[in-house]
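Colleague: What shape does this take:
(chains A, B, C, D, E and F, ligands or ions: 5)
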Amino acid sequence: MWHWIQRFSSPKHFYVISAKLIPWFAVPTALLMIVGLYQGLFVAPPDYQQGESYRIMFVHVPAAWMSLFIYVVMAVSAGIGLIWQIKLADMVAVASAPIGASFTFLALVTGSLWGKPMWGTYWVWDARLTSELILLFLYFGYMALQSAIEDQRTADKASGLLAIVGVVNIPIIHYSVVWWNTLHQGATVTKFAKPSIDIHMLIPLLLMALAFQLFYFAVILVRTRNEVLYRERNRRWVRELIEQL
Amino acid sequence: MLTAFYHLLLRDLRLALRSPHELANPLIFFVLVVSLFPLAVSPTPDALRQMAPGVIWVSALLSVLLSLDRLFKQDYEDGSLDQLMLSPNPLMILVLAKVFAHWLLTGLPLVLIAPLLGLFMSVPNHALPALIFSLLLGTPVLSLIGAIGVSLTVAVNRGGVLLSLIVLPLYIPILIFGANAVDVAMDGMRVSGQLLFLGAVLALALSLAPLATAVALRITAAR
Amino acid sequence: MLTAFYHLLLRDLRLALRSPHELANPLIFFVLVVSLFPLAVSPTPDALRQMAPGVIWVSALLSVLLSLDRLFKQDYEDGSLDQLMLSPNPLMILVLAKVFAHWLLTGLPLVLIAPLLGLFMSVPNHALPALIFSLLLGTPVLSLIGAIGVSLTVAVNRGGVLLSLIVLPLYIPILIFGANAVDVAMDGMRVSGQLLFLGAVLALALSLAPLATAVALRITAAR
Amino acid sequence: MNWSEFFAMGGYAVYVWSSYALAFVVIVGNVVLPLMQRKKVIARIKRAIRRDAILHDNSIAR
Amino acid sequence: MPLLEVKSLECRRDDRLLFEDLCFSLSDGEVLQIEGANGSGKTSLLRILCGLRQAESGDVCWQGQRLQEAREDYYARMVYIGHLPCIKGDLSVAENIRALLDTRSQAVSVDVIEQSLARVGLNGFDDVPGKALSSGQRRRILLAFILLAKAKLWILDEPLTALDVSGVALVEAMILQHRATGGSVIFTTHHGMALDGGMRSVALGGASAHKQTSQTRSTTELC
Amino acid sequence: MPLLEVKSLECRRDDRLLFEDLCFSLSDGEVLQIEGANGSGKTSLLRILCGLRQAESGDVCWQGQRLQEAREDYYARMVYIGHLPCIKGDLSVAENIRALLDTRSQAVSVDVIEQSLARVGLNGFDDVPGKALSSGQRRRILLAFILLAKAKLWILDEPLTALDVSGVALVEAMILQHRATGGSVIFTTHHGMALDGGMRSVALGGASAHKQTSQTRSTTELC
Ligand code: HEM
Ligand SMILES: Nc1ncnc2c1ncn2[C@@H]1O[C@H](COP(=O)(O)OP(=O)(O)OP(=O)(O)O)[C@@H](O)[C@H]1O
Ligand SMILES: Nc1ncnc2c1ncn2[C@@H]1O[C@H](COP(=O)(O)OP(=O)(O)OP(=O)(O)O)[C@@H](O)[C@H]1O
Ligand SMILES: [Mg+2]
Ligand SMILES: [Mg+2]
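Modeller: Ligands and ions are numbered 1, 2, ... in the order given. You can find the predicted model right below:
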């Protein structure tokens, strides 16, 4: 097991393998997205309360989920990089940040676009909305620290530590709707009991969520590959590879 | 003389842009501080609207205050300030260049993002121009006055808090008129009086502050 | 080990007290910022009371934030930090000593003056204990978390704003619970829940933050 | 259901379609940016290879 | 068993390889000079030897144990001074020395400090604040610190910086005396040091052709 | 008329008298060394000569005019480097040089900068950021600056700091060449500089007994 991890986590090996993996994520992403969009926009019935506006859900909720998920991935891989000194893990963390930030941004904007018709205002300062905003700042802080420190090793370790410390915010976001009474929807899908949502709405939502997930995997591979190339730019194998291009 | 102004301005801008986070940071700080208030106060939209001008203006002020030490501190510590003072060009012009760079990097972004924050804090649309213009006239004054403060404290170790002590009282008139302009605009009244005042203060500061800063630098940087 | 803690604590206190303005400054900054708000907002006593907990807490937070750079920055720049890291004593203990000194110099004075400011902002008497205790439990956490942030940015030029970007998001839960405690107390309700939370966070921070800071220092101070 | 009704989204068109538009932008951006980044990295490495070759030649010439 | 052993150390800065496969060892009573032109990596090497930096690969062993494992013992028995002053401007000379010794948990009496100050040519300066010293006087404080630190191993990065002729002679005498009592020294300098009895040297960067020392010189043991 | 004339200068720091009634003058093509032990006031004197400090009494005259009146002309024709690096970590080497020259309103082409970098042994380093340089490399940037500054008078405070043997030789050659073209130099150093053709020296603080230079030495003209 350990041996396998070591082997796979060698940047060169990763670079070779990942090239083959990307299509396996990219193609299903496209398919799922098309099906999900069709189901969400044409098949799912209007909501009896919210009318058509609820269709924002099919982008808002997956984006919001991804914003949390990516942060956890980032923190965990940063932790792995910090403790076991696996360079590839650091690279994954670094590559995750901009993707996570963009999804957080998407969740924030679509949320407030949804909020206008639902709550009558784009923005309220309640716990979930605010903590999601803070999540965006955590991403920014990570990226800022990463770019502010010149030495790559130092930058990885320092920003990794920050990512780990920032993870405390994740449960706060998730449980904010429980701990504080807020305007925002409580858990409707992720409840353990039967989800309190119409099955015709649930299916496209899950499809879209899966599509977003796979999309992340595809993009993270591409970004990590860039990171590998850049950081190993003085290694012989990269030089040879580039010369062949 | 003009080229010296221009080159120094360029150098400071380049230095700041070298690290991309530099550019975004005062902005993010501003947004963060503004959002601290609703969090801490958890108000109704109405109460929020009422506090908005004050909160935005106080945050802008603090954000400028915090970024002041980039004006001269580092130049002092690494000796570049000595070289500036040994320039054949009038020190005043160089000071003006540095202050201008500082404003472009901190004040201007605040002005640009303020309308968005105004919306967040449910400032009505018709009051946004007043918000923008009051900041546009007010933030350069903050930088100019700040420069005097920084030049006075540049030789003081850990002078950060001392600096705020010196500078904040001087900022207060700007704060009052700036916030008041927005307040008044929210009530639908004319704000030309407040803006005129801010403009007059800006003109005054532009003509006097660089001189005062230059004099202060010659005094404090003797070592 | 204990003597190392004690001596370092003493050194930092002595260094700060050497310049008397040091001691007063965070306090004065706190008072100034708190008084900026009534100036900018010009509210009724009722509205003032409503904002009071938030404003006091935000100002306390900013005042700690501003004073954070005295924690490690100078030691880093003049090489003393290298010497600390070459100490045979666990770095964690030394970090704890420095953080404790920082709190004694910034957090504690804030706690002591807060009731006065509360009265200024017409916080009712029965809510003052909540104000004091929330600050007493909260400000050490601010120093502890701040230490992590400072240690991460200590090698970054002009890291002041970067520091706030890193630290403020981590401060927000403290801010929310702290201000909320006072809010709730003003309504005459029990605040033990909020205070318990703050206490728990303090315990957590006390046990983890010095370790994280020490790790961060070893990372960033490599040069 | 006809198309104009579909695009009207029951009066919520602005909100729904701007959400989807933004989602589109974010997704496309997440595809395009890494690919551009890849180009940049490769160009940079190529430049480094060329520079090293020149340096190498020089040192041999000496 | 050698006191300090360096095993195939590699160091890179950015893209440049400074040294690789560097091996040498140091035993009791030995003096070792690290040679090399500007930028050849002397400072980087010394910081790695102190455990302040991590090498890209290779190990540093203290009495047979890897440095990371022997930290406490190692730090109790070595002392390092680098390019940076480590002097607090607000503390007096005596307090500065005391603060430096405190990190090593070493207590000393006033008399002892005064003796060491006399030795380094700072008699009568014990209550002068650090900021009122000239550059050479600051470096002399560090010499007093080294004298008092009672360490087995001295690691000195350009100890002659800013010292006048009498200062140079003092450092030479200090090193000779330390060696005579069984201590070891690793140092760098660009100015020939007159140490009779010989010392070994390690050259970095192949740039040592520039150097014309009149010392006995053993070849570097590259593995 | 001498280029620079010093008339009965007095300098005190705190309560200590460093020198009084100091007089000397410097004409075209002359090289003058300020001698003195650590703390004898060399740096203070040079800063007074630059007009960065005010002497307690006495005058400095540039071509017969008092310095305060001749500032613009004086600064256009002199260049000073002190103990401090003047190097911006975030700017590249070439940009650093350009920034220094900009304060003198001097524009230079890329080629010229590269030539001067080659001269000071930094070829190929033009796009390396300042913070990635070793201490000696940083000082070499200043040498390139002096070369490009086209000044009549050089005032150099310990120009040999951190330089290796080749660096010292470079500074010697630079000074000789400057003198040959009619330029003048005032410098301090604790390490003998080999300047054939002789130079004058001024000793401060009576501590020059320590110095054993092999130079031709004229006595100080104390009035
Ligand atoms: C700017 C405004 C908004 C933000 C920042 C936001 C943020 C979030 C976040 C972070 C989640 C994921 C929570 C988790 O998985 O723990 C989420 C989920 C969700 N949001 Fe929003 N939201 C906003 C507005 C809205 C609005 C206006 C609605 C609808 C009225 C809404 C409906 C939902 C729903 C249904 C979920 C899924 C809940 C679940 O089952 O987990 N959101 N939102
Ligand atoms: N900021 C200051 N405040 C008070 N006294 C000072 C200050 N700086 C220096 N001094 C005192 O002035 C004297 C001269 O200092 P100066 O730096 O001019 O000496 P120097 O000849 O350059 O010494 P060195 O060879 O060590 O650089 C010193 O004895 C010092 O104690
Ligand atoms: N912070 C840094 N980041 C990147 N590279 C650096 C950094 N500091 C130094 N370097 C590079 O590492 C090399 C070695 O630097 P180091 O300070 O160890 O040299 P040195 O031998 O001590 O030189 P000097 O005699 O000038 O003090 C230099 O060529 C420099 O370019
Ligand atoms: Mg060095
Ligand atoms: Mg000096």
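Colleague: Could you use CA atoms for every contact and neighbour count after this?
Modeller: Noted.
Colleague: Could you pull out the buried residues of the strand or helix carrying B:Phe30?
Modeller: Using DSSP states H and E, B:Phe30 maps to helix B:20-41. Across helix B:20-41, burial judged by 16 or more other C-alpha atoms under 10 Å in any protein chain shown covers B:21-41.
Colleague: Please write out the alpha-carbon positions of the helix or strand that that helix is followed by in CSV.
Modeller: Scanning forward in sequence from helix B:20-41 by DSSP H and E, the next helix or strand is helix B:45-67. Taking Å, rounded to 0.1, in the frame of the first residue of the first chain, the C-alpha atoms of helix B:45-67 are listed here in CSV:
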residue,chain,number,x,y,z
PRO,B,45,-32.5,45.7,7.0
ASP,B,46,-33.8,49.0,8.2
ALA,B,47,-31.3,49.3,11.0
LEU,B,48,-28.6,48.1,8.6
ARG,B,49,-29.5,50.8,6.1
GLN,B,50,-29.3,53.4,8.9
MET,B,51,-25.8,52.3,9.9
ALA,B,52,-24.5,51.7,6.4
PRO,B,53,-22.9,55.1,5.6
GLY,B,54,-21.1,55.2,8.9
VAL,B,55,-19.9,51.6,8.6
ILE,B,56,-18.7,51.9,5.1
TRP,B,57,-16.9,55.2,5.8
VAL,B,58,-15.3,53.9,9.0
SER,B,59,-14.2,50.8,7.2
ALA,B,60,-12.7,52.8,4.3
LEU,B,61,-10.9,54.9,6.8
LEU,B,62,-9.5,51.9,8.7
SER,B,63,-8.5,50.2,5.5
VAL,B,64,-6.5,53.3,4.4
LEU,B,65,-5.1,53.6,7.9
LEU,B,66,-3.8,50.0,7.9
SER,B,67,-2.2,50.4,4.6
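Colleague: and helix B:45-67, how far out from the chain's middle?
Modeller: 13 Å (C-alpha atoms, centre = their mean, to the nearest Å).
Colleague: Could I get the average pLDDT for whichever helix or strand comes after it?
Modeller: Using DSSP H and E, the helix or strand that follows helix B:45-67 in sequence is helix B:73-78. Helix B:73-78 carries an average pLDDT of 88.
Colleague: Then stretch E:84-99?
Modeller: The model assigns stretch E:84-99 a mean pLDDT of 92.
Colleague: Okay, now the unreliable bits of the chain?
Modeller: This is for chain A. Applying pLDDT under 70 to chain A picks out residues A:1, A:180-182, A:188-196.
Colleague: sorry, should have said chain E
Modeller: E:206-223.
Colleague: Closest to the centroid, which residue in chain E?
Modeller: E:Leu156 (1.5 Å; C-alpha atoms, centre = their mean).
Colleague: That one belongs to a strand, doesn't it?
Modeller: Yes - assigned with DSSP: H, G, I helix; E, B strand; the rest coil, E:Leu156 falls within a strand.
Colleague: what are the ranges of the strands in the chain?
Modeller: The chain I'm using is chain A. Counting by DSSP state E, chain A has no strands to list.
Colleague: that's the other chain; I wanted chain E
Modeller: E:4-13, E:16-26, E:31-35, E:57-62, E:65-66, E:78-81, E:153-157, E:184-188, E:200-203.
Colleague: Just tell me which of those strands ends up closest to chain D.
Modeller: The minimum distance between chain D and the strands of chain E falls on strand E:16-26, with 12.4 Å, by C-alpha to the nearest C-alpha.
Colleague: that older thread, could the strands of chain E be laid out in JSON lines, adding distance to chain B?
Modeller: Shown next, in JSON lines, are the strands of chain E (distance: least, C-alpha to the nearest C-alpha, whole Å):
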{"stretch": "strand E:4-13", "distance to chain B": "19"}
{"stretch": "strand E:16-26", "distance to chain B": "22"}
{"stretch": "strand E:31-35", "distance to chain B": "28"}
{"stretch": "strand E:57-62", "distance to chain B": "30"}
{"stretch": "strand E:65-66", "distance to chain B": "38"}
{"stretch": "strand E:78-81", "distance to chain B": "21"}
{"stretch": "strand E:153-157", "distance to chain B": "21"}
{"stretch": "strand E:184-188", "distance to chain B": "24"}
{"stretch": "strand E:200-203", "distance to chain B": "31"}
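Colleague: pLDDT wise, what is B:Ser164 at?
Modeller: pLDDT, read off for B:Ser164, is 81.
Colleague: Check whether the host helix or strand of it comes near chain C.
Modeller: Using DSSP H and E, B:Ser164 sits in helix B:160-186. Yes - judged by C-alpha under 8 Å from any C-alpha of the partner chain, helix B:160-186 and chain C are in contact via B:160-162, B:164-165, B:168, B:172, B:175-176, B:179-180.
Colleague: Fine, thanks again, bye for now.
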